[in-house]
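# next input, structure requested:
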Amino acid sequence: MKLILRDGSEIELVNFTSNSFIILCADEQEFYNIWNKLTPENLSRVKIIDDSVAILTLENLIFDGIQATYNINRTITGYIYFHGQEYVPDDMSEQDREYAEVGKILLGEE
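Reported below is the predicted structural model:
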């Protein structure tokens, strides 16, 4: 699974949640290189792909922070936290669009 930033940079993802991305880095330098790519411009539109298929497109992510956990094998697991994202419905199935609309109604957003 990959995160594609606005500038085309690709970041390998271990997993993602509604407010975080989880990455695995070989060393500190790779971790810091990824961190430096998390600019407001690069987070203004991102795609999550799996096997070259777009799973999700998000816009307007706001970077909240990053956390590093050093693993026993000297790799680093990174947790990238964000908020404020907007889902781009063009990449969603019809059923997912309906779920999103119901969610907005339940949350009082529509």
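# so what's the spatially closest residue to Asn42 that is not a sequence neighbour up against?
Once flanking residues are discounted, Asn42 sits nearest to Leu5: 4.1 Å by CB to CB, 6 or more residues apart in numbering. For glycine as for every other residue, the C-beta is placed from the backbone atoms N, C-alpha and C. By CB atoms under 8 Å, 6 or more residues apart in numbering, Leu5 lies in contact with Ile11, Lys37, Asn42, Leu43, Val46.
# look up phi and psi at Leu5.
Leu5 adopts backbone torsions of phi -80, psi 170, taken as degrees, to the nearest 10.
# do the same with Val102
According to degrees, to the nearest 10, Val102 has phi -60, psi -40.
# and for it, the neighbour number?
11 (other CB atoms under 10 Å).
# from Glu86, how far out is it?
Taking CB to CB, to the nearest Å as the measure, Val102 falls 17 Å from Glu86.
# sketch out the low-pLDDT regions of the chain for me.
Scanning the chain for pLDDT under 70 picks out 89-95, 97, 109-110.
# centre-most residue in it?
With distances taken as CA atoms, centre = their mean, the residue of the chain nearest its centroid is Phe21 (4.9 Å).
# adjacent strands (with direction) for the one helix or strand that one maps to?
Using DSSP states H and E, Phe21 sits in strand 20-25. Applying DSSP bridges to the sheet, strand 20-25 is found paired with strand 15-16 (antiparallel), strand 76-83 (antiparallel).
# hey, which of the ones you listed is tucked in deepest?
strand 76-83 (a mean of 18; mean count of other CB atoms under 10 Å).
# check which element follows it along the chain.
Following strand 76-83 toward the C-terminus (DSSP H and E): strand 86-87.
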